[in-house]
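1. Predicted coordinates and the sequence they were generated for:
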Protein chains: 2
Amino acid sequence: MSDARQRKILLDESEMPTRWYNILADLPTPPAPYLHPATGEPVTPDDLTGLFPMALIEQELSPERFIDIPEEVLDVYRMWRPSPLYRAFRLEERLGTPARIYYKYEGVSPAGSHKPNSAVPQAFYNKQAGIRKLTTETGAGQWGTSLAFACAQFDMECEIWQVKGSYEGKPYRRMMIETLGGTIHPSPSDLTESGRKILAEHPDSTGSLGIAIAEAVEEAMAHDDVHYALGSVLNHVLLHQTIIGEETILQLAKAGESADIVIGCTGGGSNFGGMAFPFLRERLAGKEGPVLRAAEPASCPSLTQGTFAYDFGDVAGFTPMMKMHTLGHDFMPDPIHAGGLRYHGMSPLISHVYHEGLIEAVAKTQQECFAAGVEFARAEGIVPAPESTHAIAEALAEAARCAESGEEKVIVIALSGHGHLDLPAYQAYLEGQLTDHTWDDEELRESVSESLAKLPQAAQQA
Amino acid sequence: MSDARQRKILLDESEMPTRWYNILADLPTPPAPYLHPATGEPVTPDDLTGLFPMALIEQELSPERFIDIPEEVLDVYRMWRPSPLYRAFRLEERLGTPARIYYKYEGVSPAGSHKPNSAVPQAFYNKQAGIRKLTTETGAGQWGTSLAFACAQFDMECEIWQVKGSYEGKPYRRMMIETLGGTIHPSPSDLTESGRKILAEHPDSTGSLGIAIAEAVEEAMAHDDVHYALGSVLNHVLLHQTIIGEETILQLAKAGESADIVIGCTGGGSNFGGMAFPFLRERLAGKEGPVLRAAEPASCPSLTQGTFAYDFGDVAGFTPMMKMHTLGHDFMPDPIHAGGLRYHGMSPLISHVYHEGLIEAVAKTQQECFAAGVEFARAEGIVPAPESTHAIAEALAEAARCAESGEEKVIVIALSGHGHLDLPAYQAYLEGQLTDHTWDDEELRESVSESLAKLPQAAQQA
């Protein structure tokens, strides 16, 4: 035999993109502005200066199509970027599909997911602005790990509040954060006013992202040299993630391929946006482009069953109100294992392009996702993160449709990370312990309405 | 700024070495033969055919300098190989050393370590010989994970006996093995005669590698279409691992560097041998070559404090007797976290070249190793396997010596894997729960003598 087939399409460090793509510059209609939670007026840069450095605030609102990546950020990116694009030969063989399946693998990053793509520039810009410490919240722990890594690179402190249920139930992420030098507390904690208030009322509280956000924000607001960092949803986070799609476009060209469909999972939207927006640029410029499809959990179906309206980004109503596909800010998602997709809303940018018909969305049940994850692991050797299995499940469905129709589609999966620290979820699946939950449309519409009725009047009318 | 510095030295798939290096062809004196445990006579190929396919038996004894890697094996290697060689800029900066530090990172493999380099060819040659299932034992679980992955690639079954203490105490590896399609049992099990015998005498036994080997071998011997696979120690395993060193030589040349010292950790010796032997080839051919230094645990110091003599490879005395640096086959290593280094003996090939003065060895305490692992993680973002921290600890010591002397040495670390599934060990270190154990020379010599006195006479005199 000598039919060597290329498994990975790699780029040299010298071929790594040096600019992020800002889709705001190309949208046919502008997305609705963020509104101030107290006044209902559009948020101004000044409203955000207590939490974020001006460089990031400018990126949040920038009209520039491309934004140069600072050399200091590129230097850290080069620790794992450009990330590999794999051809999934073994998976294709096992599926018996004529489709050609590629996956862009972000699990090679130090944190094991795409999250450092934004954690690194966020740490850098804050360091440049004289900030000593970053605070954040984390659920399952991917974002906390990424920020701890990024802060270590720029000799900054990192303080993290993790939802107590995850802190106690999934301890490996916490251990990784501490190994990387981060400080982590279970939330609610007695370190903040917000935490103490909850603990006084509910001493046994297992916490929520909303409470953890409140604690992290409170610590940031209390000190001039401390800022807060967010891992998804906002424009600047999706901007930083576009390096995923920019690299993928170069890699597909290198392989002589052109994508027919690109699939990514969506929770807050940063991985999917990072992959999809550069492909959308081509489409918005009038060229042919692939179908872009978001895969979300059936138990938390913000795009496929949510309402496109103004809502708070958090449970407590501290954040600006954003127009997005939402299940209501007090929606409580099921405790599914894809912790990173358990978010009531959706990035305003993703919501906007979905509303405009530029992308598609499907919802996947937990068991279908883990079945796909196991199939993928046995074929490709990589145990995917539970979040990433949503994209894989939809790719398998698409590959099966190709097997029926005979179409030789090129399917590209945004594989956001590995599942090494999520193995108990696989175990639960293999032991038949997982259940599925889908929502009745009407039931969901009602609960969203109730939730949105609690918003200030200005936002409800916008 | 525009001083882009290259973080990774990559090879294309087309540049991947296509031959393994067999050091047996170049040794000035031949290593002592294996002896049959019953007869004390040199082992013949026929003695091994119940456990291994002829292709591997031939490799075990081959006089050929280079052995072609089959295309089917290269095809699987390409899923993660060539593995990256990193320049550790951040580590150098944090250490303030003039040394240039590189690390060859095997943690990018599906199993997260160098082990698949041998698991894949072992599965392939067995598949080719018509074998349906491979059995093996595993301690911490790295080898079991690798063999499960390799068997999935060639549509073979994989059955693993894991030391019960690890099976229960470190469940993530077991979950990964099952996700990859392997079958895994705690050992002792009631599935084999050997297991049942132990359970009858010691119902609460937490098992040992010796018992697990006995169970895996028994299952292999009981069926014509079942074989056994070993993850270290033997010549053919080290042969397969030489792709690590072969790639590193190419990568250093690409970077315009020449190594002054190469450091790897040693348990059974497969990672260190795989890295060191290709460098040794240059030296044996009369050229200049780097210092080659093995780093082993102070609590299990086979090279630095063991006896060079014939001994069994396992506790039970089932295996051939091999001449090696040994602590005695009934030596019970401390329960250190670097499970992969808890072996009483050492690969006969590594033992031979150490005895001949061709390589060096040092012993490292557990706490020094974890301190080095944490330093490395904060600098380079990668949490190393506890085994790999032994090499890192010695590299940090060497870098410190360079900082004192001003020498600009090129230090190459064989980084055998990541520590994602070993995070509780880091937690224990960070919480100050680890202790160290070093051995008194005399005490150790006595216990080795007692152990070796149990060998057959023929082996004691050889």
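-> Cool, got the structure.
2. Could you use CA atoms for every contact and neighbour count after this?
-> Noted.
3. Run a quick neighbour tally on the residue in the stretch 1-150 of chain A that chain B sits nearest to.
-> Nearest residue of the stretch 1-150 of chain A to chain B: A:P110, at 5.0 Å (Cα to the nearest Cα). Using other Cα atoms under 10 Å in any protein chain shown, A:P110 is surrounded by 22 other residues.
4. Was I right to think A:R5 contacts B:L74?
-> No - with contact defined as Cα atoms under 8 Å, A:R5 does not count as touching B:L74 (9.7 Å).
5. Same drill for the two, tell me which one is more crowded.
-> Higher neighbour count among A:R5 and B:L74: B:L74, with 21 against 14, using other Cα under 10 Å.
6. Please name the residues that touch the more buried one.
-> Contact analysis of B:L74 by Cα atoms under 8 Å, 6 or more residues apart in numbering or on different chains lists B:T18.
7. got the end-to-end distance for stretch A:287-300?
-> End-to-end distance of stretch A:287-300 (Cα to Cα, to the nearest Å): 33 Å.
8. Could you do stretch A:371-391 as well?
-> Using Cα to Cα, one end of stretch A:371-391 lies 12 Å from the other.
9. So which bits of it are buried?
-> For stretch A:371-391, the neighbour count (16 or more other Cα atoms under 10 Å in any protein chain shown) marks A:371-391 as buried.
10. filter those residues by proximity to chain B?
-> A:V374, A:A377, A:R378, A:A379, A:E380, A:G381, A:I382, A:V383 (Cα under 8 Å from any Cα of the partner chain).
11. gap between the two ends of stretch A:185-197?
-> 16 Å.
12. er, stretch A:357-368 actually
-> Length of stretch A:357-368, first residue to last, Cα to Cα: 26 Å.
13. What about A:A309, how many residues nearby?
-> For A:A309, the count of nearby residues is 23 (other Cα under 10 Å).
14. Now do the contacts for the residue in the stretch 151-300 of chain A positioned nearest to chain B.
-> Of all residues in the stretch 151-300 of chain A, the one sitting closest to chain B is A:L180 (5.0 Å; Cα to the nearest Cα). Going by Cα under 8 Å, 6+ apart, A:L180 touches A:T145, A:A148, A:F149, A:A152, B:V374, B:A377, B:R378, B:G381.
15. residue contacts, the residue nearest to it when sequence neighbours are not counted?
-> Nearest residue to A:L180 in three dimensions, chain neighbours excluded: B:R378, at 5.0 Å (Cα to Cα, 6 or more residues apart in numbering or on different chains). Counting by Cα under 8 Å, 6+ apart, B:R378 makes contact with A:F149, A:A152, A:Q153, A:T179, A:L180, A:G181.
16. In three-state terms, label A:P186 for me.
-> strand (DSSP: H, G, I helix; E, B strand; the rest coil).
17. Check the one 3 residues further on too.
-> Using three-state DSSP, the structure places A:S189 in coil.
18. pLDDT score for it?
-> Looking at A:S189, its pLDDT reads 97.
19. in what helix or strand does the residue nearest to A:T326 when sequence neighbours are not counted lie?
-> Computed as Cα to Cα, 6+ apart, the closest residue to A:T326 that is not its neighbour in sequence is A:G345, at 4.1 Å. Element membership for A:G345 (DSSP states H and E) is empty, with no helix or strand holding it.
20. Report the buried residues of stretch A:402-416.
-> Buried-residue list, stretch A:402-416, by 16+ other Cα under 10 Å: A:C402, A:A403, A:K409, A:V410, A:I411, A:V412, A:I413, A:A414, A:L415, A:S416.
21. what does it contact?
-> Contacts of stretch A:402-416 (Cα under 8 Å, 6+ apart): A:96-107, A:113-114, A:257-265, A:271-272, A:275, A:384-385, A:387-388, A:391-392, A:395, A:399.
22. Up against chain B, what does the stretch 151-300 of chain A have?
-> Contact residues, the stretch 151-300 of chain A versus chain B (Cα under 8 Å from any Cα): A:A152, A:Q153, A:Y172, A:M175, A:M176, A:E178, A:T179, A:L180, A:G181.
23. Please list only the buried members of the residues you listed.
-> By neighbour count, with 16+ other Cα under 10 Å, those hold A:A152, A:Q153, A:Y172, A:M175, A:M176, A:E178, A:T179, A:L180, A:G181 as buried.
24. What is the lowest-pLDDT residue among those residues?
-> Within these, pLDDT is lowest for A:Y172, at 94.
25. List the contacts of it.
-> So A:Y172 contacts A:L421, B:L423, B:P424 (Cα under 8 Å, 6+ apart).
26. go again using 10 Å as the cut-off
-> A:140-141, A:166, A:178, A:420-422, B:420-424, B:427 (Cα atoms under 10 Å, 6 or more residues apart in numbering or on different chains).
27. distance of A:W143 from A:A111?
-> In this view, A:W143 and A:A111 are 8 Å apart by Cα to Cα.
28. Between those two, which contacts overlap?
-> Residues touching both A:W143 and A:A111 by Cα under 10 Å, 6+ apart: A:F149, A:R173, A:I177.
29. In chain A, which residue is most central in space?
-> A:S270 (3.6 Å; Cα atoms, centre = their mean).
30. Ramachandran coordinates for that residue?
-> A:S270 adopts backbone torsions of phi -70, psi -40, taken as degrees, to the nearest 10.
31. export the helix or strand hosting A:I411 as PDB, just CAs?
-> Element membership of A:I411, judged by DSSP H and E, is strand A:410-415. Provided in PDB are the C-alpha atoms of strand A:410-415 (Å, rounded to 0.1, in the frame of the first residue of the first chain):
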ATOM      1  CA  VAL A 410     -18.600  18.700   2.200                       C
ATOM      2  CA  ILE A 411     -19.700  18.900   5.800                       C
ATOM      3  CA  VAL A 412     -17.600  21.000   8.200                       C
ATOM      4  CA  ILE A 413     -18.000  20.600  12.000                       C
ATOM      5  CA  ALA A 414     -16.900  23.200  14.500                       C
ATOM      6  CA  LEU A 415     -15.600  20.900  17.200                       C
END
